[in-house]
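Visitor: Generate a structure from the sequence data that follows.
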Amino acid sequence: MDRIDISKLVDEARFNSFHVKVLIWCFVILILDGYDLAVAGAALPAIMKSMGVEATAVGFMASSALFGMMFGAIILGALSDRIGRRLALSICVLLFSVFTAAAGCTNDPIVFSVMRFLAGLGIGGAIPNVTAHMTEYAPRKFRGVLVTVTACGYAVGSLLAALLGKQLIEAYGWQYMFIAAGAPVVLIPFIMMRMPESLQYLARRRDNVRLRQMAVLIQPRLRLAANQAFLLPEAGAVKAGSIRDLFRDGRAFSTVMFAAASATGLFTLYAISTWLVKLMALAGYSLGSALNFLLAFNLGGIVGAIGGGWLADRFNIKWVLCVSYALSAVFLFMLGHGVQPLVLVVAGVGAFTLGTQILCFAYAGQFYPSAIRSTGVGFASGVGRFGAIVAPITIGALVAMKLPLEQNFMVIMTFGVLGAVAVAFIDHRASASTLEAEEAQADVEVAARADART
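Guide: Numbering: from 1, shown residues only. Alright, predicted model coming up:
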């Protein structure tokens, strides 16, 4: 009996209600993830005033969560390929919900930093797992758009933090924004029961019962024999969760370039998301107006991510990403020099920093084989966190030096240029998506020759 190729089944599937279910679960988790990270940036001026800390010290406090994200992305990204994504994502939600809430219950900078580090483990682990999960289930035709739409949940969470910040900080204090982040723990049982499990994980466990269920949900018209077997070509070729496999089969240099691009992108993203409110306040804007810029930044990020995903499905995703990094530098230069209307420039910065970083993770998800997809995205995200960790500290030091506003943004825009260079050196020919497309084309040509002979 022929074995059904699950990967091919997913690639050729029509978008249906099952894909909507996967999309909603991934989207919701990233909303919570984005809120828990952005809450510190939205509350930054209030935290500085409440705890009596200077700009340099608060830069280290903000970086504590990013330092945790580095470890969370690498460890939980690789671990999920072994224990399943439902359990890995449940651990992420538990970590970032409980410890973000705990950070709101302290007024000590050191304890706050420790709680944010622990929360960062979950925040960092969620991004590669969600990206890999949506990539695994998305039909090839819509993969770029679905992954970037999913990742927009991260921006929606940031928007939610900015909106709540405008309402809660002045009325009740910054602590309530953090304490509210504890509520999502109630979702963990539902994630474990309702969220579809990874196909690779089910294949490695030889769970044919659930594989049959998933196959019918992916393609409802599929008719299966009673003892139908399933094939996942990569399952036996690549060890699950093995970081060393990221450097095999011509992927080594590209893996380094993904990490470099992620580091530069995350530097620009967290330099802006952490310090935008404070920098706008230093430029003479009120807290409410500065938070409006944060809203524009995140709305721009959503538009940029969806637009980038749409373009990536129609053109070469590598060059779409490369141009996006370059445009981030252009808009950061414009922001630093006060080009008007400023709110649209800030939205452009969001589109080509937050939107570009989302697209970078989407590209990494397509680049690596499914058996090491979470590991690959987690490695790029985790190593890239060095940029995220350095960013708040660097900008904090620049703010403490009281340099002109445009010089702060000139430093940040340099990293957009470096990101474009790193992406340009990625070998797209070694990506799993390219190899799969070549195999599919070869199958078509073989079938055509067979038909010609008959």
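
Visitor: Could you pull up the mean pLDDT of stretch 168-183?
Guide: For stretch 168-183, mean pLDDT rounds to 79.

Visitor: Quick one: distance of it to the chain centre.
Guide: 25 Å (CA atoms, centre = their mean, to the nearest Å).

Visitor: ok, residues contacting it?
Guide: 32, 35-36, 39, 42-43, 46-47, 50, 96-98, 100-101, 103-105, 161, 164-165, 287 (CB atoms under 8 Å, 6 or more residues apart in numbering). For every residue, glycine as well, the C-beta is placed using N, CA and C.

Visitor: Give the PyMOL command for selecting the buried subset of these.
Guide: Here is the PyMOL command that selects the buried residues among those (16 or more other CB atoms under 10 Å):
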select buried, resi 32+35+36+39+42+43+46+47+96+97+98+100+101+103+104+161+164+165+287
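
Visitor: The contacts of stretch 168-183 in helices, which ones?
Guide: 32, 35-36, 39, 42, 46-47, 50, 96-98, 100-101, 103, 161, 164-165, 287 (DSSP state H).

Visitor: Name the SS class of Val185, please.
Guide: Assigned by DSSP: H, G, I helix; E, B strand; the rest coil, the conformation of Val185 is helix.

Visitor: Isn't it up against Cys92?
Guide: No. Using CB atoms under 8 Å as the test, Val185 is too far from Cys92 to be in contact (11.5 Å).

Visitor: out of those two, which sits in the busier spot?
Guide: Of the pair Val185 and Cys92, Cys92 is the one with more neighbours under other CB atoms under 10 Å, namely 29 against 15.

Visitor: wait, doesn't that one sit right on His133?
Guide: No. Judged on CB under 8 Å, Cys92 makes no contact with His133 at a distance of 11.8 Å.

Visitor: how big is the angle separating the strand or helix carrying Leu87 from helix 44-51?
Guide: According to DSSP states H and E, Leu87 maps onto helix 85-103. Using axes from the mean of the first three to the mean of the last three CA atoms, to 10 degrees, the inter-axis angle of helix 85-103 relative to helix 44-51 is 50 degrees.

Visitor: For the chain, just list every one of the strands.
Guide: 4-5, 230-231 (DSSP state E).

Visitor: could I get the ones you listed as TSV with mean neighbour count?
Guide: Listed next are the strands of the chain as TSV, based on neighbours: other CB atoms under 10 Å:
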stretch	mean neighbour count
strand 4-5	16
strand 230-231	18
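
Visitor: If you count neighbours, what's buried in stretch 17-37?
Guide: 18-19, 22-23, 25-37.

Visitor: ok, Arg143 to Phe331 distance?
Guide: Taking CB to CB, to the nearest Å as the criterion, Arg143 is separated from Phe331 by 27 Å.

Visitor: err, Ser80, not the other one
Guide: Going from Ser80 to Phe331 by CB to CB gives 34 Å.

Visitor: cool, and Ile358?
Guide: Taken as CB to CB, the span from Ile358 to Phe331 is 16 Å.

Visitor: And the two? Which one has more around it.
Guide: The neighbour comparison of Ile358 against Phe331 (other CB under 10 Å) goes to Ile358, with 32 against 24.

Visitor: Nearest residue to the residue nearest the centre of the chain in space, please, no chain neighbours.
Guide: Central residue of the chain (CA atoms, centre = their mean): Ile127, 4.3 Å from the mean position. Among residues not flanking Ile127 along the chain, Ser381 sits closest, at 5.6 Å (CB to CB, 6 or more residues apart in numbering).

Visitor: check contacts around the one you found.
Guide: With CB under 8 Å, 6+ apart, Ser381 has these contacts: 69, 73-74, 77, 124, 127-128, 262, 361, 364.

Visitor: Pro220 too?
Guide: Asn16.

Visitor: give me every residue that touches Ala13.
Guide: Neighbour list for Ala13: 19, 139, 218-219 [criterion: CB under 8 Å, 6+ apart].

Visitor: change it to 7 Å
Guide: 139, 218-219 (CB atoms under 7 Å, 6 or more residues apart in numbering).

Visitor: Select from these the one having the most neighbours.
Guide: That'd be Ile218 among those, by other CB under 10 Å, with 22 neighbours.

Visitor: so that residue makes contact with Lys8?
Guide: No. At 10.8 Å, Ile218 and Lys8 do not qualify as touching, with contact defined as CB atoms under 7 Å.

Visitor: The nearest residue to Phe67 once chain neighbours are set aside and Leu66: what is the separation?
Guide: Counting by CB to CB, 6+ apart, the nearest residue to Phe67 once its immediate chain neighbours are dropped is Ile389, at 5.2 Å. Per CB to CB, Ile389 is found 5 Å from Leu66.

Visitor: Glu136 too?
Guide: Using CB to CB, one gets 27 Å for the distance from Glu136 to Leu66.

Visitor: higher neighbour count, the two?
Guide: For the pair Glu136 and Leu66, the greater number of neighbours falls to Leu66 (27 against 22), based on other CB under 10 Å.

Visitor: pLDDT value on the more buried one, please?
Guide: On the pLDDT scale, Leu66 gets 77.

Visitor: how much space between it and Leu37?
Guide: Distance of Leu66 to Leu37, given as CB to CB: 8 Å.

Visitor: which helices and strands sit right next to the helix holding Leu87?
Guide: Contact partners of helix 85-103 among helices and strands, from 3 or more CB pairs under 7 Å, 6 or more residues apart in numbering; DSSP states H and E: helix 17-42, helix 55-83, helix 109-137, helix 175-179, helix 188-194.

Visitor: if we compare the ones you listed, which one ends up closest to Val156?
Guide: Among those, helix 17-42 comes nearest to Val156, with 5.0 Å by CB to CB.
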